[in-house]
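**Student:** Quick one: sequence plus predicted model below, questions after.
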Amino acid sequence: MLGTILTVFCALFFVGIINRTKSIFSGRKGPGILQPLKDIYVLLRKGSVFSTSTSFVFQIASSITLASIICAMFLLPFVNEKAIISFKGDFLLFAYLLAVGKFFQIISALDVGSGFEGMGANREALYSMLLEPAFFILLASVAMLTGYTSFYEIFSHLQFTENYSYIIGILVVYVFVQIAMVENSRLPVDDPKTHLELTMVHEVMVLDNSGFDMALAHIGTSLKFVIYGNIIANCLISTQLEWFYQIGLFLAIQFGFAVCVGYLESFRARNKMMRNPQFLLTLTSISLIIFFIGLIITSKLVVNQ
Amino acid sequence: MNIIFLLTLVILSFGIFFVPKRHKFCLSFFLHLGVIVLTSTWAIQALNGIEKLSFDNFLPHFWTSNAHLKIDKLSAFFILIVNFTCLTGILYAKGYLKPYFEKKTAMAFSIHFFSFLWLHLSMLLVTMMSNGLTFMIAWEIMSITSFLLVMFDAEDKTVLRTGINYLIQMHIGLMFIMLGFLTVEKYSGYFSFEGIKIYAETHSNFLLFLIFFVGFGIKAGFIPLHTWLPQAHPAAPSHVSGVMSGVMIKIGIYGILRIIASLKTDFFEIGSFLLTISIISGLLGVMFAIVQHDLKKLLAYHSIENIGIIGIGIGAGLIGISIDNSALAVLGLTGGILHILNHSLFKSLLFYSAGSVYSECHTKNVEQLGGLAKKMPKTAIFFLLGSLAICGLPPFNGFISEFLIYSGFFKGMYNAALYRSVAFLLSIVALALIGGLAIFCFTKAFGIVFLGEARSEKTQNAKEVSAIMLFSKFLISIFIIGIGILPMFFVQPISKWISEIFSLGIDEALIHRKFDFLPSLSIFAGIFILTAAIILLIRYLKLKKVNVRRNVPWGCGYTALTPTHQYTSTSFADHYATLANPILRMKKHFKPIEEEEIFPKNRHFEAHSEDIFQTKIEKIAEKSTYYLQKLAFLQTGQLQHYILYAFLFILLVFGLTFFKIL
């Protein structure tokens, strides 16, 4: 419960912090941290324009997408406090739940009947498909290391104390940051600031969303970011700490993550569209490295001294 | 008494030929109903009872003395699945065949309904026969009736060709099954599944399994034995493809399971083999599916993918048995076998929905469809439901079975040795990739067919299909949602039966502990539905207050948008197809626009992929036809010559026996 409250709290400021970081690095004054919240508030009260082609799918899609993200959040624990729902294999449900959201987002884009939206839809479908192996190898590795199959048990048993496990810790965090970037359609795979429809991925999918639905999409983006930040924090925070340290550390990690995203976005160029699959497969190979280190730690793979 | 009832139904089935055309459906429906009620009672008795239900010598004694009908838990499970899918199939057929009523002769209808009834009967019989010979006869009836059903539209030359292709492949499969039984009989003296048990005690189980696997695998459609499947399913009428894909190919899985249940050793080799070939089938199946233009062909390739998932589960379970990992064994086998049920549900639902689209728009080519969600909203909802379920998304049934298989692997990872860990990891990655590709495929299929604007005038006259067609889909949907939300009522019984069939020796308490996550899954499904409902309610209330308009979509300043501006199925898959080209071998035919051509004229673009396995088989077939044609000179058409051949043959046999070669 505490985890969920903290996650929602962080979500309020996350995108604002990213934007502020970017504006600082580019030497602009930039909008305030609360600007995204105000935008959402305005959008929630606005009227909507729907494409003439849309059917019932478009009407329900953005709501279901947001519901899937919110429910995915319920599955995340807070260090050594159980999640609202926790059971063996809950991380599978987590991954598949986010896929439900993606499914509805893609079909709602196809429902609009414009030439652009299909473009974004197929790219997003392809990239999230290519991202799947990295995520599952990562989960399999930590499940193998700890011997448990739920978020709560894994996080409370994942301790980076040995020599090799430092490497794992660094790599896990790296891969999760990258996965979060891709899942949220950020650089280097996608650029939310681009103004050319032909190079958009996610933005072009929500081109024809307006008003309430657009607000839901924005809320979803913020939540998705903090959800991944939550996973990263859970990996790093030790269970031995006092609860107030844990909360402090959690907030610090989320803040650091937001700054990190802003930093990466300021100094990174986006990939050429055809290079994206390669980038995503690189992530898979990094998670394979994690798996092999896991094999060494569990002494299944014996390295000659 | 019961047996007499069954035999009466069998005799009455010939009555289909003699009643008037408009009553044929009625009669065959009641016959189906009779069969369903009768065999389902048997099946339920068998599932509840400890004793095997069996009927001895139900056929006249002079024919064979070994014709037992035996129903154990494995047969009972399959009987229930077959019955349910055939029930929805015959209901759907009533609506689907209506436009054909004037076009087709009474005889065509008789043959069709008769074959459908006998396909149903033969599938049931296959699961009940324990004797090899009667098993093969029932198997053969199944192949021939399904062949006749595929040939319903045989005026079409491609259908004819497909049908013949199907018939030949099925007989190659039958040959291997016969070979398997003969091998067993030579050593054990029994031409039956009992014989396999005796044979398995002393001989290599793996080799015997391989022989049977080829035979049953052709029916099931494992790659590379699948080539009949993507041709036969689209050619058949939709209720037939639903039943063929939903249950008939599962009878191949039944055969494999029956063999495994009779085997004693070599489970590790068999499991690894099954796992490998299933991963290949799963991945390639869905990869080929994405680039199909024919909606039913796309679904057919997905059947191969799902057979792969079933195989992954069973393979994992067998490996679990061999390394004494009860978690992997129970979760893998339960997941695989639950997926048999799940796939029969959502695949028949998808085929029926595709059939509804075909009967309204008269095309299966997705490039000509679009925007049907507004014209056929109910069909669209059913297709969407089927798509979500087949992608394994929560809270629907496909997720439950995939979840079980995944959990098996994740649990198996922890104490497994190096190579097994790597193998399990690869399986997890394969499952994840299959899931991702399936989402890619079904967002495409649903999006292109039902959403956006119509791509051709074919959809002009489309309207919602008849109530009976929707009703059969509704029946299936209940189970899809039911299994997804309340999995414990299905998973635990199945795992109990499995531990009995494969004599895992796992008690109920342990099974209960292995599946302690099921209640959480259903609570979660409830939370998810509730959250979505709340958001939708807020949205509804909010939108009532504000100004809502409809307008053309954003066209980047260009306002004369036409439906042709939309993404097509080919363009949706283009980026993917480029990546996967080494496997798909996409071929594009078009004339590029030249530089001087300022105002381009009408152009033609065509893209299609090639199934490497099919091209290989066709090449072999062509070669052998070439050589066989050289033997054509023997076909003189003169009676004397044929008598001479027969005489020479007798001489040959005589000579061979004389020299003790035969």
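**Tutor:** Received it, and whenever you're ready, just let me know what you need.
**Student:** is any part of the top helix by length along chain B close to chain A?
**Tutor:** Criterion DSSP state H: the longest helix present in chain B is helix B:326-361. No. No part of helix B:326-361 sits near chain A under the criterion CB under 8 Å from any CB of the partner chain; the closest distance found is 9.6 Å. Backbone N, C-alpha and C define where each C-beta goes, glycine included.
**Student:** send the alpha carbons of stretch B:331-350 over as CSV?
**Tutor:** Only the C-alpha atoms of stretch B:331-350 are listed here, as CSV (Å, rounded to 0.1, in the frame of the first residue of the first chain):
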residue,chain,number,x,y,z
LEU,B,331,2.8,-27.0,-14.2
GLY,B,332,4.1,-27.9,-17.6
LEU,B,333,1.7,-30.7,-18.3
THR,B,334,-1.3,-28.8,-16.8
GLY,B,335,-0.5,-25.7,-18.8
GLY,B,336,-0.1,-27.7,-22.0
ILE,B,337,-3.2,-29.7,-21.6
LEU,B,338,-5.3,-26.7,-20.5
HIS,B,339,-4.1,-24.9,-23.6
ILE,B,340,-5.6,-27.7,-25.7
LEU,B,341,-9.0,-26.7,-24.2
ASN,B,342,-8.2,-23.0,-24.5
HIS,B,343,-7.1,-23.2,-28.0
SER,B,344,-10.2,-25.2,-29.0
LEU,B,345,-12.3,-22.3,-27.6
PHE,B,346,-10.6,-19.2,-29.0
LYS,B,347,-9.6,-20.7,-32.3
SER,B,348,-13.1,-21.9,-33.1
LEU,B,349,-14.4,-18.5,-32.0
LEU,B,350,-11.9,-16.7,-34.3
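**Student:** got the contact list for the helix or strand immediately after the longest helix of chain B in the chain?
**Tutor:** As assigned by DSSP states H and E, the chain's next helix or strand after helix B:326-361 is helix B:372-375. Residues outside helix B:372-375 that contact it (CB atoms under 8 Å, 6 or more residues apart in numbering or on different chains): A:55-57, A:111, B:357, B:360-361, B:379-380, B:449-451, B:454, B:459, B:462-464.
**Student:** hmm, 7 Å instead?
**Tutor:** If you take CB atoms under 7 Å, 6 or more residues apart in numbering or on different chains as the criterion, helix B:372-375 is touched by A:55-57, B:357, B:380, B:449-451, B:459, B:462-463.
**Student:** In chain A, which residue is most central in space?
**Tutor:** Nearest residue to the geometric centre of chain A (CA atoms, centre = their mean): A:Ala180, 3.4 Å.
**Student:** Am I right that that residue is in contact with A:Val226?
**Tutor:** No. Taking CB atoms under 7 Å as the definition, A:Ala180 is not a contact partner of A:Val226, at 9.6 Å.
**Student:** Just the closest residue of the stretch 1-150 of chain A to chain B, please.
**Tutor:** In the stretch 1-150 of chain A, the residue that lies nearest chain B is A:Gly118 (2.5 Å; CB to the nearest CB).
**Student:** In a helix, that residue, correct?
**Tutor:** Yes. The assignment for A:Gly118 (DSSP: H, G, I helix; E, B strand; the rest coil) places it in a helix.
**Student:** And the helices in chain A, which stretches?
**Tutor:** A:2-25, A:35-45, A:56-74, A:90-111, A:115-146, A:151-157, A:163-183, A:202-205, A:211-236, A:243-267, A:276-297.
**Student:** Any chance of the ones you listed in CSV with mean pLDDT and distance to B:Leu7 as columns?
**Tutor:** Below are these laid out as CSV (pLDDT from 0 to 100; distance: least, CB to CB, whole Å):
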stretch, mean pLDDT, distance to B:Leu7
helix A:2-25, 91, 64
helix A:35-45, 93, 70
helix A:56-74, 94, 51
helix A:90-111, 93, 49
helix A:115-146, 89, 53
helix A:151-157, 84, 58
helix A:163-183, 85, 62
helix A:202-205, 83, 61
helix A:211-236, 91, 62
helix A:243-267, 91, 73
helix A:276-297, 90, 60
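**Student:** Which one of those lies nearest to B:Phe399?
**Tutor:** Closest to B:Phe399 of the helices of chain A is helix A:90-111 (CB to CB; 6.1 Å).
**Student:** Correct me if wrong, but B:Lys197 is in a strand.
**Tutor:** No. Looking at B:Lys197 with three-state DSSP, it is helix, so not inside a strand.
**Student:** how about the strands in chain B?
**Tutor:** B:53-55, B:69-71, B:548-551, B:587-589, B:606-608 (DSSP state E).
**Student:** Pick out the residue in the stretch 101-250 of chain B sitting closest to chain A.
**Tutor:** The nearest approach of the stretch 101-250 of chain B to chain A comes at B:Ile223, 20.0 Å away (CB to the nearest CB).
**Student:** Done for today, thanks.
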